[in-house]
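Chemist: I would like the atomic coordinates for the input below:
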Amino acid sequence: MGFGDLKTAAGLKVLNDFLASKSYIEGYVPSQADIAVFDALSGAPSADLSHALRWYNHIKSYQKEKGSLPGVKKPLGQYGPAGVEDTTAAAPAVADEDDDDIDLFGSDEEEDEETKKIKEERLAAYNAKKSKKPALIAKSSILLDVKPWDDETEMAKLEECVRSIQLDGLVWGQSKLLPVGYGIKKLQIACVVEDDKVGTDQLEELITAFEDYVQSMDVAAFNKI
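Modeler: Take a look at the predicted model:
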């Protein structure tokens, strides 16, 4: 269906014949269909096209309020009598369709590739940042009780022996002497260790190795940091 090119005499004749038995393009009141066809004309039809001219003048009177007319504008080729091919509308439509197909698929493909590339770059940046971030080192705070043999043991020398133990992952802290009984005092000393490098069994073995001063070693407190 369609009127053809409404800027040609042939198209205007089709419009005139169409309106010979109709007051409007569609229905029984002015609508957006009339506005769509009206806008496609280059001007008023000639006097010999009386039906088209009558319709034109009538629709022209609605121009100030055309936006309030009912209906929705459709492509011009969808108005008019059946059997008339609107070649002027069809040709650009085909071309647009072809262009749309090419641009559409090309755009989607490019967008997919671009999106994939961005995701890969972000993932690589995240992994690089993560690899540079220092790993969390598990540590523990330990309080040790080191007991001497008797009250004649030189506690200053005993502490010196304990602090002489140097290990990777071991840091000695504060210390103090606490009474045990019968004039005997024990050394209570704190340290921080890296769990993967230093254990309490290892510390006990090394401390009790100073057998001239150390009778025994106990763990008074153990806390994960």
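
Chemist: Stretch 183-195: which residues count as buried?
Modeler: If you call a residue buried by 16 or more other CB atoms under 10 Å, then stretch 183-195 has these buried ones: Ile184, Lys185, Lys186, Leu187, Gln188, Ile189, Ala190, Cys191, Val192, Val193, Glu194. Heads up, the C-betas are built off the backbone N, CA and C, glycines and all.

Chemist: before we move on, what about stretch 139-153?
Modeler: Those would be Lys139, Ser140, Ile142, Leu143, Leu144, Asp145, Val146, Lys147, Pro148, Thr153, for stretch 139-153 by 16+ other CB under 10 Å.

Chemist: Also stretch 24-33?
Modeler: Result for stretch 24-33 [16+ other CB under 10 Å]: buried residues Tyr24, Ile25, Glu26, Pro30, Ser31, Gln32, Ala33.

Chemist: so what's the fourth one up against?
Modeler: Going back to what we said before, that points to Pro30. Tyr24, His58, Ile59, Tyr62, Leu69 (CB atoms under 8 Å, 6 or more residues apart in numbering).

Chemist: In three-state terms, label the closest residue to Lys60 other than its chain neighbours for me.
Modeler: The shortest distance from Lys60 to any residue other than its chain neighbours is 7.3 Å, reached at Phe38 (CB to CB, 6 or more residues apart in numbering). Using DSSP: H, G, I helix; E, B strand; the rest coil, the structure places Phe38 in helix.

Chemist: Same question for Leu144.
Modeler: strand.

Chemist: Quick check: chain neighbours aside, which residue is closest to it?
Modeler: Ile189 is the one closest to Leu144 (CB to CB, 6+ apart), at 5.4 Å.

Chemist: next SSE after the strand or helix carrying the one you found?
Modeler: According to DSSP states H and E, Ile189 maps onto strand 184-194. As assigned by DSSP H and E, the chain's next helix or strand after strand 184-194 is helix 200-207.

Chemist: May I ask which helix or strand of this protein has the lowest mean pLDDT?
Modeler: In the chain, the helix or strand scored least confidently by mean pLDDT, DSSP states H and E is helix 87-132, which has a mean of 64.

Chemist: on that earlier part again, make a PyMOL selection of the buried ones in the contacts of Pro30.
Modeler: Per 16+ other CB under 10 Å, the buried members of the contacts of Pro30 correspond to this PyMOL selection:
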select buried, resi 24+59+62+69
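
Chemist: where in the protein is pLDDT low?
Modeler: 1, 83-111, 133-135 (pLDDT under 70).

Chemist: what about 80?
Modeler: Along the chain, segments meeting pLDDT under 80 span 1-2, 82-112, 129-136.

Chemist: center of it, which residue is that?
Modeler: With distances taken as CA atoms, centre = their mean, Lys119 lies nearest the centre of the chain, 10.1 Å away.

Chemist: Lovely, talk soon.
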